[in-house]
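Participant: I'll drop the sequence and a predicted model, then ask my questions.
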Amino acid sequence: MAEGASAGVSPAEKRMAPNSGQVPDDEFLRIELRGLEPVPPEQRKGQPRELFFIWAGALSDFFSLFAGALLISSAGLGFWDAALVLIAGALAGAAFLGLLSITGVRSGATQIVQSRMVFGRRGAVVGGLLTMLIAIGWFAYDCAIAVTTTKALPILHSAPALAAPLLLVAVTGVSFLVAVYGHRTISVFQHIQVPAFLVVCCVLAVLTLSRWHLGLQSHLALGPHLAAMALGFTLTFALIVSWVTYAADYSRYLPLDASGLRVALASGGGSAASLVICGLLGAAIQTIDPGKLLPNLIVDSVPVWFGYCFAAFIIVAELSSNYLNVYSAALCALAIGIRIRRWAAATAVGVLGGLIAALVLFAGVGFQGNYVDFLTITYVWFPAWGVLVILDTLGRRRELRTRDLVLPRGYWYSSGFRWPVMVAFAAGTLATLLFFNEPPPPGEWGFVSPLAQHLFAGQPADISGFVGVSVTGLAYWLARHWEKTRANGNRTARPADPALRSLG
C-alpha cells in the first residue's frame, strides 16, 4: 500500500514541509493545498473566537428557523415549552461540538483522521464514509431549500421554467467554489455573513412581532405533552450533533497553546446562539398560524419588499452551511482512501450534491416530512461516535503521535480496527436505534423502533439520545477495562506495532 494513497496525501502536499519557505497554504482566496496531513505548530495561527463565527454561520440557516417552527406545527407544543426544549437541546448539542473542537487543536488533524487513534485506521473509515454521505445529503437539501424559498416569491410565480434550474446552478456553484478555496476563505465569508444574518432576523422579528401569539399553549394531555417535549429535544439536539464529525476540521489551524475552554465555548457558543435565536424566531412566527408551512407564512406576513430581502437572506444563509458540508465531505473522501486532491474532491461533492438537489426539487418530494426523516434517521450514530471520541481523546492522557495519523501503519491496531471501541460504537448506536421513536408524517415512510413504540404505548416520546450516550459510556468503560487487563497480561511482550503501546 503506497503511503500517499493510504494517507490521502497528494504529491504536492508531500512536498510541503515545515519551514520550507513556501507561501502558507491557508490564505483568503488562495486555494488551500493541505489535505489530510496535520498542520504543524509553526503554520498555525488565529484565535478561538473565529470558531464562533464559523459555527454561528453553520446554524444560521432556514433549518434552524424550521426547527423552532416544527416544535409547534408538528410536535404540538406551546411557545414557552417549545422555547425550553429548544434551549436545552441546543446546549446539549453545543457541548458535544465544543469538546470535539478541542481535539483539532491538540492534533492539528481533521476530525476523521484524528479519530483513527480512537477507532483504528480502518475503523475510522466507517465514520468517514457516513459523514461524507450525510454531508452531501445536507448540501443537497440546503440548496433545495434556497431554491424553494425563492420560488415562493410572487415575482417568480410566472417566471420561466428555466429560472429554478438556473438558480440551483448558481447556489451550488458558489457553495463549492468557496469550499474549493478552503478553510481561511470559509472563515472570512462566515465573519461577513453572520452579522448580516442577525440584521435580517431583527428586521423579520420587527415586521412580524404584532402578529405573534406568544401565549400559545399546547392542547396535549400530560403524557403526549411530555412525549412531544422529548421528541422536540431530540430534534434540536440532532441539529447540532449532526455537525460533530466536522468539528476538528475548522479548529486544527489554531495555535497549539490555544485555550481548550475558549475553543469549546467559541464553537459550542456559536452553534447554540444561532440555533436558539433562529429557532425562537421560527417558533414565534409559527404561532401566527400553527397549521401553515413556515416559508409561506413568512412571505405572507411581511411586506413584499422584505419578502425579496428574506429570500436573498435564505440563499446566503444556506450557503453558510454549504461551505462546511462541501469542505468536510471532501476531506472525508480523502480520509476513506479516495485518491484525489482536496480541491478536486470538493468540486466532485458540489456537482453530486447539486444533482441530488435537482432530484429533490423536480421530483415533487415533500420537504417537511422528508426533512424530519433525514435529520433523525442519519443522526442515530452521532451520539455514540461523539462520546467515544471525547472520552478517548480528552478523557485520559495519552501519547499523541500526530505523524502516525497519516502514516500507512499508524494506529493500525488489529487489522486496522480497535475492536473493543468498535464494539462500544456498535452497542451505543444499536441502543440509540432501539429507542428511536419519531413517527413520520402521515403517508410518508419512516423507521420507528418497535421496542420504543411498545414502551411508550404509541406516543412519539424519543429518549434515544439519552440511552445511546449512557450505553456508549458504559461500553467504553468496559472496553478500556478489557484493554488494560490485556495490556497488563502482556507487559513483558514488546508490541510489534507502536500504536499498541498507548493502550497501557
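Facilitator: Perfect, thanks for sending it.
Participant: Quick check: mean pLDDT of stretch 432-451?
Facilitator: Averaging pLDDT along stretch 432-451 yields 74.
Participant: end-to-end on it?
Facilitator: Using CA to CA, to the nearest Å, one end of stretch 432-451 lies 11 Å from the other.
Participant: repeat for stretch 28-36
Facilitator: Using CA to CA, one end of stretch 28-36 lies 19 Å from the other.
Participant: And it, what's buried?
Facilitator: Neighbour-count burial for stretch 28-36, counted by 16 or more other CB atoms under 10 Å, picks out 32, 33, 34, 35, 36. All C-beta spots, glycine's among them, are computed from the backbone N, C-alpha and C.
Participant: Convert the C-alpha atoms of stretch 283-292 to CSV, please.
Facilitator: Provided in CSV are the C-alpha atoms of stretch 283-292 (Å, rounded to 0.1, in the frame of the first residue of the first chain):
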residue,chain,number,x,y,z
ALA,A,283,-41.4,29.3,16.7
ALA,A,284,-42.7,32.8,17.3
ILE,A,285,-43.7,33.2,13.7
GLN,A,286,-45.3,29.8,13.6
THR,A,287,-47.6,30.9,16.4
ILE,A,288,-49.3,33.2,13.8
ASP,A,289,-50.8,30.1,12.2
PRO,A,290,-49.6,26.7,13.6
GLY,A,291,-51.1,24.8,10.7
LYS,A,292,-49.3,26.7,7.9
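Participant: Might you quantify the distance of it from its chain's geometric centre?
Facilitator: Centroid displacement of stretch 283-292 relative to its chain, using CA atoms, centre = their mean, to the nearest Å, is 27 Å.
Participant: again, but for stretch 101-109
Facilitator: On CA atoms, centre = their mean, the centre of stretch 101-109 falls 17 Å from the chain's centre.
Participant: same deal with stretch 51-65?
Facilitator: A distance of 10 Å separates the centroid of the chain from that of stretch 51-65, by CA atoms, centre = their mean.
Participant: what mean pLDDT does that stretch have?
Facilitator: The average pLDDT within stretch 51-65 is 91.
Participant: Can you check the distance spanned by it, start to finish?
Facilitator: 21 Å.
Participant: May I see the buried residues of it?
Facilitator: Using 16+ other CB under 10 Å as the test for burial, stretch 51-65 gives 51-65.
Participant: among those residues, which are in helices?
Facilitator: Applying DSSP state H to the buried residues of stretch 51-65, the entries found in helices are 51-59, 62-65.
Participant: nearest to residue 403, of those?
Facilitator: Nearest to residue 403 among these is residue 51, at 25.0 Å by CB to CB.
Participant: wouldn't that closest one be in contact with residue 101 here?
Facilitator: Yes. Here residue 51 lies in contact with residue 101, judged by CB atoms under 8 Å, at a distance of 6.2 Å.
Participant: Spit out the residues that contact these two alike.
Facilitator: 250, 251, 263, 266, 267 (CB atoms under 8 Å, 6 or more residues apart in numbering).
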